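Asks: Sequence plus the predicted model coming up.
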Amino acid sequence: MISKPHGGKLVKKLLSSREKEKILEEQNEFLKIKINYGNAIDIENIAYGVYSPLKGFLNNEDFQSVLDCMRLSNDIPWTIPIVLDLKNPSFKEGDEILLYYNDLPIARMCVEDIYTYNKKEFAQKIFKTTDLEHPGVSKIYKMEDYLVGGEIELLNELPNPFGRYTLRPEETRDLFKDRGWKRIVAFQTRNVPHRGHEYIQKVALTFVDGLFINPVLGKKKKGDYKDEVIIKAYDVLFKHYYPKNSAILATVRYEMRYAGPREAIHHAIMRKNFGCTHFIVGRDHAGVGDYYGPYEAWDLFKEFPDLGITPMFIYEAFYCKKCGEMVNAKICPHDGEYHIKISGTKLREMIINKEQPPEYMMRPEVYEVIKNFKNPFVE
């Protein structure tokens, strides 16, 4: 059965055309507050229910509960604070404000709470480190000193160059029903696909009705693949190697936190809201550097028996020269001397050096797509 939304109801914070028109006509009567790109994307995900049950940015009580307990104050599992940071707010609790990205009005917000927070505590509890080399920690220390909580209503989305690949939770749920899928497994990615990814996805697909591949688009760290590269690489893989009635490719705009195990839970909740019943938890899921153990996220899922989506723990795939195919440690009896791991770092090096990876590492069609980009990586 398609999963129920997290918290029981799919949030929808969209204004009618008439309401939107009225607010925009009266926008000069509102206090205008500038927000950053990440805030604007979070608003979009709140408005369309990707972050259900959130209806806005976290208030102080929920923020502290997420830090301390990995749950909202009403005990619903939630592991990543979705917050709006501002410098010296010139408004008070109960005010209505308009949030702008550049000159585009993004949302109306009813201010519920204005509070300060401890950046060191925020970083330590979410990322398990205060090392400024960690991109998530670095971002927290650059945040403003106040957090503002309250419900939002969407006025405008940011321009979306990949609109034809974008599906909202309401749409994916309808699509799954139309296809007769009751058990759907989601795969989150911020990379182009290699054979290890393909192996894991297809192993998972054998146990369910459909596969939902959901690449993350948006701001990423230096060295990650650009959005267009990821999309085109998956397009060609779908064209040649996936059954048309068993897999769906759709994107979601989201700013990676690189919070490892906590973010793995968050990613699962997002896909639960899309209607998925299962979620593939990868090796070092949402990790960066050596801050988290390779399977630390697997352990954290055990603390959330009430999550409402089933994690699928599939061992890392590698090529075995003796088996002559992609396998994993659970099914391959051969010694490590026969194993060739598919390293994302090694693949990047080969791509930079214009060297085609062997077919057991990456499909030739995928490499052809990547090599047509002058620089496929974020700078």
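Replies: Ah, there it is.
Asks: and the residue of the chain positioned farthest from its centre, how far is that from Tyr225?
Replies: Seen from the C-alpha centroid of the chain, the residue lying at the greatest distance (Cα atoms, centre = their mean) is Lys322, 36.6 Å away. The spacing between Lys322 and Tyr225, counted by Cβ to Cβ, to the nearest Å, is 32 Å. Quick note: C-beta positions are derived from backbone N, CA and C, even for glycine.
Asks: Next: Ala204.
Replies: Distance check for Ala204 against Tyr225: by Cβ to Cβ, it reads 22 Å.
Asks: So the two - more neighbours on which side?
Replies: Looking at Ala204 and Tyr225 with other Cβ atoms under 10 Å, you find the greater number of neighbours at Tyr225, namely 23 against 18.
Asks: Give me the distance between the more buried one and Tyr234.
Replies: 11 Å.
Asks: can you list contacts of the worst-scoring helix or strand of the chain on mean pLDDT?
Replies: Sorted by mean pLDDT, DSSP states H and E, the helices and strands of the chain end with helix 344-352, the least confident at a mean of 92. Under the criterion Cβ atoms under 8 Å, 6 or more residues apart in numbering, residues 191, 194, 223, 356-357, 361-362, 367, 370-371, 376-377 lie in contact with helix 344-352.
Asks: Using the three-state scheme, assign the residue farthest from the centre of the chain.
Replies: With DSSP: H, G, I helix; E, B strand; the rest coil as the basis, the three-state label of Lys322 is coil.
Asks: next one: Val203
Replies: For Val203, the secondary-structure state derived from three-state DSSP is helix.
Asks: Am I right that it is in contact with Glu316?
Replies: No: in this structure, Val203 sits apart from Glu316 without contact. The criterion is Cβ atoms under 8 Å, and the distance is 11.7 Å.
Asks: shared neighbours, Tyr225 and Tyr234?
Replies: Common contacts of Tyr225 and Tyr234 (Cβ under 8 Å, 6+ apart): Val192.
Asks: Nearest residue to Thr251 in space, ignoring adjacent ones along the chain?
Replies: Sequence neighbours aside, Tyr165 is the residue nearest to Thr251 in space, at 4.5 Å (criterion: Cβ to Cβ, 6 or more residues apart in numbering).
Asks: quick one, helices of this protein?
Replies: With DSSP state H, the ranges of helices along the chain come out as 17-25, 37-47, 60-69, 119-127, 135-141, 169-178, 195-205, 227-241, 261-274, 296-301, 344-352, 364-371.
Asks: What about Leu99, how many residues nearby?
Replies: The tally of other residues near Leu99 (other Cβ under 10 Å) stands at 25.
Asks: In contact with it: list those residues for me.
Replies: For Leu99, the contacting residues are 33, 35, 39-40, 43, 84, 105-109, 152, by Cβ under 8 Å, 6+ apart.
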